[in-house]
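# Give me a model of this one.
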Amino acid sequence: MLVSASQTIASHPRPSDSSADMDLKVERQLIVFDFDWSLADQDSDRWIFEVLAPDLRRKMKTLKDEVQWTDLVASSLRELHARGTPRESIEDALKTMPFHPAMTRAVKTLKAKVNPETKFLCLSNANSVFIPTILKEKGLEDLFEEITTNPAEWDPSGLLKLRRRIDPSGPQHNCKVGCSPNMCKGEELDSFLARHLPAFDRVVYIGDGSNDFCPILRLRSSDVVLCRRYRGLQGRIEREGKTAGLKAHVHYWAGAWEVEELFQQL
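Coordinates of the predicted model:
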């Protein structure tokens, strides 16, 4: 299934719009991945508590509409640490998180191709410890040019200290589309593209959540969205895509093997 809409929304230097399908002549392309439920087959924030402390996972589910999500994960990590859970247990849980072999194969194969030249960017509301730990376990530690996410670090006691990418006490982002307070993925994508000129011939965005809607509105008709079915992003595309000016072509997928098939066309 393919969905498209038309309205000019580019805010940084890009080549002119052209035929937007998988057969576009491309010499240089950017693959942008959300992490949880997009590159990985689970949500890292929730997974560690499901494995190590299901009662905390239940508490998070209860509070998710009352407490900003990054803050909620941070406080849950503090509570987990107070119970005596060591760093090694968290790392071991992350290493067992579901990650489809077809996705690993797909990104490795595409990155290894010389033509077109392909760069990878990660835009995620997870954090800078969870993502690299999982990537290293899967042999993908060198996949991304940049990982844009919430900062986290281990302190000497073994507490994983997590904070928002955008400090709540400082200047906030200007997103009007509905990004989380901790990060506007659209602004982050624009910033990356401005730092990596000349413009990419094609941008492919792989995402699943409603907070992936903002960055895909920055894409051209020559760009592609690979949207995971049955999650928040699909709903926003179907409800708001046309009126919001979504230009990129949208391909829907449910399993990682389908992304591998689509990547073979890139």
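# ok, the closest residue to Glu27 other than its chain neighbours - how many residues close by?
Spatial nearest neighbour of Glu27, excluding adjacent residues (Cβ to Cβ, 6 or more residues apart in numbering): Pro116 at 5.3 Å. Just so you know, the C-beta spots here come from the backbone N, C-alpha and C atoms, and that holds for glycine as well. A count of nearby residues for Pro116, using other Cβ atoms under 10 Å, gives 16.
# I'd like the distance from Lys108 to Asp142, if you could.
Noted for Lys108: a distance of 10 Å to Asp142, by Cβ to Cβ, to the nearest Å.
# any shared contact partners between the two?
Contact criterion Cβ atoms under 8 Å, 6 or more residues apart in numbering; residues shared by Lys108 and Asp142: none found.
# Got the phi and psi for Arg202?
phi -150, psi 140 (degrees, to the nearest 10).
# residues in contact with the residue nearest to the spatial centre of the chain?
Geometric centre of the chain, nearest residue: Asp34, 1.3 Å, by Cα atoms, centre = their mean. Asp34 is in contact with Cys122, Leu123, Ser124, Ile206, Gly207, Asp208, Gly209, Asp212, counting by Cβ under 8 Å, 6+ apart.
# wait, what's in contact with Gly232?
Taking Cβ under 8 Å, 6+ apart, one finds Asp208, Gly209, Ser210, Asn211, Asp212 in contact with Gly232.
# neighbours of the closest residue to the last one other than its chain neighbours, just the number please.
Spelled out, it's Asp212. Nearest residue to Asp212, sequence neighbours excluded (Cβ to Cβ, 6+ apart): Leu233, at 4.8 Å. Close neighbours of Leu233, defined as other Cβ under 10 Å, add up to 26.
# I figured Leu233 was touching Gly207, is that so?
Yes - with contact defined as Cβ atoms under 8 Å, Leu233 counts as touching Gly207 (5.4 Å).
# With neighbour count, secondary structure and pLDDT added, can I get the contacts of Gly232 in JSON lines?
Output for the contacts of Gly232, formatted as JSON lines (neighbours: other Cβ atoms under 10 Å; DSSP: H, G, I helix; E, B strand; the rest coil; pLDDT from 0 to 100):
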{"residue": "Asp208", "neighbour count": "23", "secondary structure": "coil", "pLDDT": "98"}
{"residue": "Gly209", "neighbour count": "21", "secondary structure": "coil", "pLDDT": "96"}
{"residue": "Ser210", "neighbour count": "19", "secondary structure": "helix", "pLDDT": "96"}
{"residue": "Asn211", "neighbour count": "26", "secondary structure": "helix", "pLDDT": "95"}
{"residue": "Asp212", "neighbour count": "27", "secondary structure": "helix", "pLDDT": "98"}
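# Tell me if I am right that Thr104 is in a strand.
No - under DSSP: H, G, I helix; E, B strand; the rest coil, Thr104 sits outside any strand and is assigned helix.
# where do the helices sit along the stretch 101-250 of the chain?
Secondary structure of the stretch 101-250 of the chain, counting by DSSP state H, counting those that start in this stretch: helices at 101-112, 130-137, 185-195, 213-216, 232-244.
# mind checking which of those is nearest Gly178?
The closest of the helices of the stretch 101-250 of the chain to Gly178 is helix 213-216. By Cβ to Cβ, the value is 7.0 Å.
# then that closest one to PDB, C-alphas only?
Taking Å, rounded to 0.1, in the frame of the first residue of the first chain, the C-alpha atoms of helix 213-216 are listed here in PDB:
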ATOM      1  CA  PHE A 213       5.200  11.900  12.400                       C
ATOM      2  CA  CYS A 214       7.000  15.300  12.700                       C
ATOM      3  CA  PRO A 215      10.200  14.200  11.000                       C
ATOM      4  CA  ILE A 216       8.400  12.500   8.100                       C
END
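# Perfect, I'm done here.
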